[in-house]
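Participant: Show me how the following folds:
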Amino acid sequence: MADAVVIVPTVAPGSYAADIQTVTLTAAQVAANYNRFKMSGDDLLICWNSNVGAQTVTINSADDPQGRTGDLTTVAIAPAEIAVFGPMKTLGWRGADGYVTVRGSHAEVFFGVLQL
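Facilitator: I've put the predicted structure just below:
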């Protein structure tokens, strides 16, 4: 399997209206089979389906202290829609390497991460 493409997180802006921050979006790496981002412990995962057809995303979970997982598998996103997941806390999501793994069904699915 090819290496994952890392999604670069964006730090949330301050509490003033003039504090504007642009979120960088990364295309789903269908050939690599996954993307990932370094988890801060308080992250919003933004998924945009820019395709004209419905697409899906999968977010892989990590074992919690009891060894349980709860992947979000093939969550549908309608055409031109944006789905936001989180805030995602570390427990149950951050892998041993510190990353969260996500997958998109098409290269026209884009991921962004906003660290709160």
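Participant: what are the ranges of the helices in the protein?
Facilitator: With DSSP state H as the criterion, the chain has no helices.
Participant: Just name the shakiest helix or strand of it by mean pLDDT.
Facilitator: Using mean pLDDT, DSSP states H and E, strand 5-6 stands out as the lowest-scoring helix or strand of the chain, at a mean of 88.
Participant: list the contacts for Asp99?
Facilitator: That one is not Asp; residue 99 is Tyr. Neighbouring residues of Tyr99 by CB atoms under 8 Å, 6 or more residues apart in numbering: Arg36, Phe37, Lys38, Met39. Any C-beta I mention is one placed from the backbone N, CA and C, and that applies to glycine too.
Participant: thinking again about what came up before, who are the packing partners of the least confident helix or strand of the chain?
Facilitator: Using 3 or more CB pairs under 8 Å, 6 or more residues apart in numbering; DSSP states H and E, the elements in contact with strand 5-6 are strand 35-38.
Participant: tell me the average confidence for the strand it packs on?
Facilitator: Taken as a whole, strand 35-38 has a mean pLDDT of 96.
Participant: Can you give the distance of that strand from its chain's centre?
Facilitator: 7 Å (CA atoms, centre = their mean, to the nearest Å).
Participant: Can you show me the CA trace of it as PDB?
Facilitator: C-alpha atoms of strand 35-38 as PDB (Å, rounded to 0.1, in the frame of the first residue of the first chain):
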ATOM      1  CA  ASN A  35      -5.200  10.200   4.400                       C
ATOM      2  CA  ARG A  36      -4.200  11.000   8.000                       C
ATOM      3  CA  PHE A  37      -3.700  13.900  10.300                       C
ATOM      4  CA  LYS A  38      -1.800  14.500  13.500                       C
END
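Participant: What lies in contact with that strand?
Facilitator: Contacts of strand 35-38 (CB under 8 Å, 6+ apart): 4-9, 26, 28-29, 43, 45, 98-104, 111, 113.
Participant: isn't Thr56 right next to Val75, touching?
Facilitator: Yes - contact criterion CB atoms under 8 Å: Thr56 and Val75 qualify, at 6.1 Å.
Participant: give the contact list for the residue nearest the centre of the chain.
Facilitator: Centroid-nearest residue in the chain, with CA atoms, centre = their mean: Leu45, separated by 4.1 Å. By CB under 8 Å, 6+ apart, Leu45 lies in contact with Phe37, Ile59, Val84, Phe85, Gly86, Met88, Val100, Val102, Phe111, Gly112, Val113.
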